[in-house]
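**Student:** here is a sequence together with a model predicted from it:
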There are 2 protein chains.
Amino acid sequence: MEGFGGANLKVLPIPDTAPFTPLVVIELAEDTNEEAIAWLISRIKDKQHHGGAELMVDRLILDQNSKENHNIFIVGASRERLLVGAEDVGLVKEFSDGSMRSFTYANRHNFKNFLGDGDGFLSMVECQFIVKHELDILRARGETHVPGYPKIRLYPGKSIVRRIQSKGILVQIFPLHDKEELKRLSSTWYQNVRLSFQPLDDIRHYFGESLALYFGFLEYFTLAMVPMAFIGIPYYLFDWEDYDKYVLFAVFNLVWSTVFLEMWKRCSASLAYSWGTLSRKKAFEEPRPGFHGVLGINPVTGRQEPVYPYAKRQLRIYLVSVPFVLLCLYLSTCVMMVYFSAENWVLGLHDEEPTFWTSLLLYVPSIIYAVVIEIMNRIYRYVAEFLTNWENHRLESTYQNHLTLKVLVFNFLNCFASLFYIAFVMQDMPLLRQSLATLLITSQILNQFVEAFLPFWLQKRRNKHLHRKSGLASVDQELPFNQQVMLEANMSTYLGTFDDYLELFLLFGYVSLFSCVYPLAALLAVLNNITEVYSDALKMCRVFKRPFSEPAADIGVWQLAFESMSIMAVVTNCALIGMSPQMKSYFPDSETQLILLVVAVEHILLAFKFILTFVIPDIPKHIQIKLARLEFESMEALKKKKMLEAAAIQNKGQ
Amino acid sequence: MEGFGGANLKVLPIPDTAPFTPLVVIELAEDTNEEAIAWLISRIKDKQHHGGAELMVDRLILDQNSKENHNIFIVGASRERLLVGAEDVGLVKEFSDGSMRSFTYANRHNFKNFLGDGDGFLSMVECQFIVKHELDILRARGETHVPGYPKIRLYPGKSIVRRIQSKGILVQIFPLHDKEELKRLSSTWYQNVRLSFQPLDDIRHYFGESLALYFGFLEYFTLAMVPMAFIGIPYYLFDWEDYDKYVLFAVFNLVWSTVFLEMWKRCSASLAYSWGTLSRKKAFEEPRPGFHGVLGINPVTGRQEPVYPYAKRQLRIYLVSVPFVLLCLYLSTCVMMVYFSAENWVLGLHDEEPTFWTSLLLYVPSIIYAVVIEIMNRIYRYVAEFLTNWENHRLESTYQNHLTLKVLVFNFLNCFASLFYIAFVMQDMPLLRQSLATLLITSQILNQFVEAFLPFWLQKRRNKHLHRKSGLASVDQELPFNQQVMLEANMSTYLGTFDDYLELFLLFGYVSLFSCVYPLAALLAVLNNITEVYSDALKMCRVFKRPFSEPAADIGVWQLAFESMSIMAVVTNCALIGMSPQMKSYFPDSETQLILLVVAVEHILLAFKFILTFVIPDIPKHIQIKLARLEFESMEALKKKKMLEAAAIQNKGQ
């Protein structure tokens, strides 16, 4: 299964430029000073004990007359170097006894699938991750600045790649696709429509854990909604307007969503264990490229590094970012109110004297509102990125968390505020149902078109163009290696799973928040997800540059987001049921009693949810045992080693 | 400050029996077979590499004619043995650079306060904990049974002490008090009434971390309630019946209780860091003495050990224990209903024709109810222990958690059900206030009398008796060593912090659940806590045997219990305010609107609480940094070691 190195050299057209397996491509700015290039290459090639990265690097040979950027470099590494690097990045692999252990070079022969000299032990995506890591931790030693650029300062310990990246010398760095393997993956993944689970292990093998977990969650989420979808169908078919039945459906939904979110944690723990990311120890993160501050001493590492006061960042967050987000939320609500009053006004106009023009006018507010929302979304996203950047987080992960939170809150309001208004202020259930249906269907079609099929088509055109230029007759024929690299360099960059998760999150909101008025939503969501799998797979394989693998043990902040949504769903559904006329007819005399009952039920459901969360263990028992065994073994080994040492000291003493 | 060994030998009357510092006492049953005793002692004395504990042990010499148990043994250890043991138990001590590091024998000279050969480096309570640990992990080797007791089976790896403890051969094992140090501690702690913080470090130095954390929490909790108490006083003095003001008070209370519980986490993390328990790695827990099962292989350690199926335990929990607890809760509610109807009936009788006898009769239901509750409490406690035992938990910690949960739920209902009934069913606020005051004041007086002063007085009488028997004129004179040991052996055993925390928990409930109707509760609670500190200190120092230290990094399950209580407090206070006549008068037309408003406020408060919990980090920044630095250093050291090893291998190869 896993193959790289010798094996891959056979399937890739052997490049004329590099005597090693090409793994990663570095593109420098076209006008880069040759002195800087020579220095960078020598630092990358230098031996590790001289402070280099000990990697192989070669310039991509292009047609002299070509107008393309000639500063493109291919990076690779020897097999030993990669194995040593695998230990550096803390790769966890299957041991010969079936347990998952941190890989060590000294112990390499005891790992499963380590045959001969280790050919095929590391997958290509792992090799690329290792190369990326080794480049990232290539640090300046005595240099005070980048040669040829006296203004781009360096200090001992500064990551060279991060510095030239933030200064624009490094345009991009990306891993190469493996055409052969990609073809195999495509055929099992999306090219043949059939009923089967996604090949998660293959996806992880090609794209890494973070993406594989996204597709795993997408699949799990879809399967989890199938029961809801099935139960929802008769409500639609028989036009059940009976609120008793809606209550049943809503309660089932609420409990079910809690259970499935809890079970997902166990499921993802199992996946992460088998992929070796659950027990992986995180390496210390480098500061992100944009991080700046006064040069000081990092209190953790003791290394020289820019330092930025914690209190200052907190002030920026709480005095600027939080008020700004609140202001945006307020503005967005205002826009919504204007929209509703405009719609009302137009409706009144049309009711007064219905003409063709007024009936056309009916659509105007919605269209304007949609456009305004889209514009606001884009501006907000831009400002949110600016603000989060300005908060100057040291780590990429905290930066991402803060950005995610900002974008999430705003998107939530934008998508759901109008629905909340219709549901609780206007109390117009038919309109709510209609809006939900419209939103679900249009977003489904639009998203998948804009996100996958349109880019796919554009990329295909580009491919054809390049093939024609190279004098190849068919798109199926292999391009020469250098052409292939240029093709990939010009593909769009995949910006991470954020937008994909966001889409699922909003979908989950549509399904769960108002599930008791529109049971069909689950079915639409299932249909959406099935096409989503295909369109996402297509875009990963055909539209984007290959992304670097990101080791992930869970879906991170999204677990929290989905759980919060399911808590909100309890509140909204209880309120919707309490407002229904059928419910009100049970308590004709006293609305108060009805409300008290609804509030009581809501509190009981919430308490039940918390107890469930508490009772279901997050990691399955058998994996807990495996983890505990590993920890126990390492403790015992340490104890034994210490006793041996003590004995040795005693012997010496005698 | 810290002293043991040579230093202590000076202050303790040198025992005639043991040529070592006495640390721990083992009492065996009076009729224990001499063969078993000889075997046990030899196993305790054996060298470690022969599988022994390598401790010192000696029989306590008593008057031949004395009727006391003669099978009492004093255990001690050499200084080296204790230092090696300190490494085994994972003690974390202050390093010479001020950071807290796991103690290692090899590196001992680099730890702060390690002078000369380590005299006074370990405190006496640490030495006792180490001895206890070494006795606990003294395992059977080839023995198939305890010598002299063919029926008491052993198998390789079984802890000897646990087995003879569960079979009744070992009556008790306890650490000795240190009279000199105890006197010093008493004088700084409780003998002089003065305004100062408790000497937490000294308490920890004498009793260990778990108890010190309890007293720390007690103090913190008291201080945290001082603002509430102050704000509550004018409500009482000026008889403010104005619900606007009550609303303010309640909101302040709710937010404040969230903040102070969050801050406590940070506070306890700081304490635990400075005491070395925050970063302490837990050793693998032995199965508790009562645990039984078919002999199998522990999947974690690979050792032979009784194994009990997980599923079977879960079935016992969910099919027997949970229904039983629910039944008890139901019964307790029924008893309460009977009480209220009896009280009503008596009240009616008295109202009809008030005589002296009927006015006496008025007290009868309350008295009967109080007695019945007390009886139910005791029976329930007994059954809860039986059930939790029967659930057959492998670890003492899970056993304790399950027992705590059971007892907590029942006590909560018993204490608060009647108050809830008065508040929400009878809606009689003056009665609620009166009941709260009665409960608070009587429980305060009763508890402290039954819990501390009565046992103290009894113990004092026993002391006097023993002194007179030994022919000493005054209680201040030192008893001979063997008399002192016998005195301590007959003292009551402190059963852990459970009941102390439970008392605080119920107090917190009285203060927070109904804070908006009885603002004076906080003041009463503060007064209660001040006396509680003294009575608890008195009982720890004078009434009980010294308990073994328990390393603890936080207050465990009680943090969760207090947080749950503060969530419930939001619900009850909102409901109480919503029910107040003043509030109702604001919404004369529509009760519905009032309820909706109250529910909305409640939800906002709850959401705010969750956000606060999320925003306040559990561990203060400066301690996070220290912990991260330690981890980073150990990773770097590992890396360096591996590089050296790799270099050594390379050199060999050349």
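**Tutor:** Noted; the coordinates are in hand. Numbering: from 1, shown residues only, chains lettered A, B, ... in the order given.

**Student:** how about A:Ile152: what's its closest non-neighbour residue?
**Tutor:** Closest residue in space to A:Ile152, ignoring its immediate chain neighbours: A:Val146 at 4.3 Å, by Cβ to Cβ, 6 or more residues apart in numbering or on different chains. The way it works is simple: take the backbone N, C-alpha and C, and place the C-beta from them, glycine included.

**Student:** tell me, how many residues neighbour that neighbour?
**Tutor:** Using other Cβ atoms under 10 Å in any protein chain shown, A:Val146 has 23 other residues around it.

**Student:** buried sites along stretch A:97-109?
**Tutor:** Residues A:Ser99, A:Met100, A:Arg101, A:Ser102, A:Phe103, A:Thr104, A:Tyr105, A:Arg108 are the ones in stretch A:97-109 that count as buried (16 or more other Cβ atoms under 10 Å in any protein chain shown).

**Student:** wait, doesn't the second one sit right on A:Lys93?
**Tutor:** What it means is A:Met100. Yes. With contact defined as Cβ atoms under 8 Å, A:Met100 reaches A:Lys93; the gap is 7.1 Å.

**Student:** what is in contact with the two at once?
**Tutor:** Common neighbours of A:Met100 and A:Lys93, using Cβ atoms under 8 Å, 6 or more residues apart in numbering or on different chains, are A:Gly276.

**Student:** which sections of chain A are below the confidence cut-off?
**Tutor:** Residue ranges of chain A with pLDDT under 70: A:1-18, A:193-195, A:240-244, A:283, A:473-476, A:642-643, A:645-654.

**Student:** would you mind listing what in it touches chain B?
**Tutor:** A:84, A:87-88, A:104-106, A:281, A:283-284, A:299-302, A:310, A:571, A:591-592, A:595-596, A:599, A:603, A:621, A:625, A:628-629, A:632, A:635, A:639, A:642, A:645-646, A:649 (Cβ under 8 Å from any Cβ of the partner chain).

**Student:** filter those residues to the buried ones?
**Tutor:** For the residues of chain A next to chain B, a burial check counting by 16+ other Cβ under 10 Å picks out A:84, A:87-88, A:104-105, A:300, A:571, A:591, A:595-596, A:599, A:629, A:632, A:642.

**Student:** mind putting the residues you listed into CSV with secondary structure?
**Tutor:** Listed next are these as CSV, based on DSSP: H, G, I helix; E, B strand; the rest coil:
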residue, secondary structure
A:Val84, helix
A:Glu87, helix
A:Asp88, helix
A:Thr104, coil
A:Tyr105, coil
A:Val300, coil
A:Val571, helix
A:Glu591, helix
A:Ile595, helix
A:Leu596, helix
A:Val599, helix
A:Arg629, helix
A:Phe632, helix
A:Lys642, helix
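
**Student:** looking at the residues you listed, which is nearest A:Gln434?
**Tutor:** Among these, A:Val571 lies closest to A:Gln434 (Cβ to Cβ), at 22.9 Å.

**Student:** just give the nearest non-adjacent residue to the closest one, would you?
**Tutor:** Excluding the flanking residues, the one nearest A:Val571 by Cβ to Cβ, 6+ apart is A:Glu602, at 6.4 Å.

**Student:** break chain A down into its structural domains.
**Tutor:** Here the domain parsing of chain A from automatic domain parsing is A:4-176, A:196-570, A:622-653.

**Student:** just how off-centre is the second one within its chain?
**Tutor:** Centroid displacement of domain A:196-570 relative to its chain, using Cα atoms, centre = their mean, to the nearest Å, is 10 Å.

**Student:** ends of that domain, what's the gap?
**Tutor:** 33 Å (Cα to Cα, to the nearest Å).

**Student:** how many other residues sit next to the residue nearest to A:Val571?
**Tutor:** Counted with other Cβ under 10 Å, A:Glu602 comes out at 21.

**Student:** and it, what does it touch?
**Tutor:** Here A:Glu602 is in contact with A:Val570, A:Val571, A:Cys574 (Cβ under 8 Å, 6+ apart).

**Student:** mind running it again at 10 Å?
**Tutor:** Residues near A:Glu602 by Cβ atoms under 10 Å, 6 or more residues apart in numbering or on different chains: A:Leu254, A:Val570, A:Val571, A:Thr572, A:Asn573, A:Cys574, A:Ala575, A:Ile577, A:Gly578, B:Val599, B:His603.

**Student:** same deal with A:Cys127?
**Tutor:** A:4-5, A:8, A:21, A:23-24, A:76-77, A:79, A:81-83, A:85-86, A:175, A:549.

**Student:** out of those, who's nearest chain B?
**Tutor:** Nearest to chain B among these is A:Leu83, at 11.1 Å by Cβ to the nearest Cβ.

**Student:** touching, the closest one and A:Gly120? I think so.
**Tutor:** No. Between A:Leu83 and A:Gly120 there is no contact under Cβ atoms under 10 Å: 12.0 Å.

**Student:** got the buried residues for stretch A:278-289?
**Tutor:** Buried residues in stretch A:278-289 (16+ other Cβ under 10 Å): A:Leu278, A:Ser279, A:Arg280, A:Glu286, A:Pro287, A:Arg288, A:Pro289.

**Student:** now the residue nearest the centre of chain A. Nearest residue, chain neighbours left out?
**Tutor:** Nearest to the mean C-alpha position of chain A, counting by Cα atoms, centre = their mean, stands A:Thr497 at 2.3 Å. Spatially, and ignoring its direct neighbours in sequence, A:Thr497 is nearest to A:Tyr214 (4.6 Å; Cβ to Cβ, 6+ apart).

**Student:** can you pull the contacts of the one you found?
**Tutor:** A:Ile203, A:Phe207, A:Gly496, A:Thr497, A:Asp500, A:Tyr501, A:Leu504, A:Asp536, A:Met540, A:Ala552, A:Ile555, A:Trp558.

**Student:** do the same with A:Gly157
**Tutor:** So A:Gly157 contacts A:Arg139, A:Ala140, A:Arg141, A:Asn298, A:Thr301, A:Gly302, A:Arg303, A:Gln304, A:Glu305 (Cβ under 10 Å, 6+ apart).
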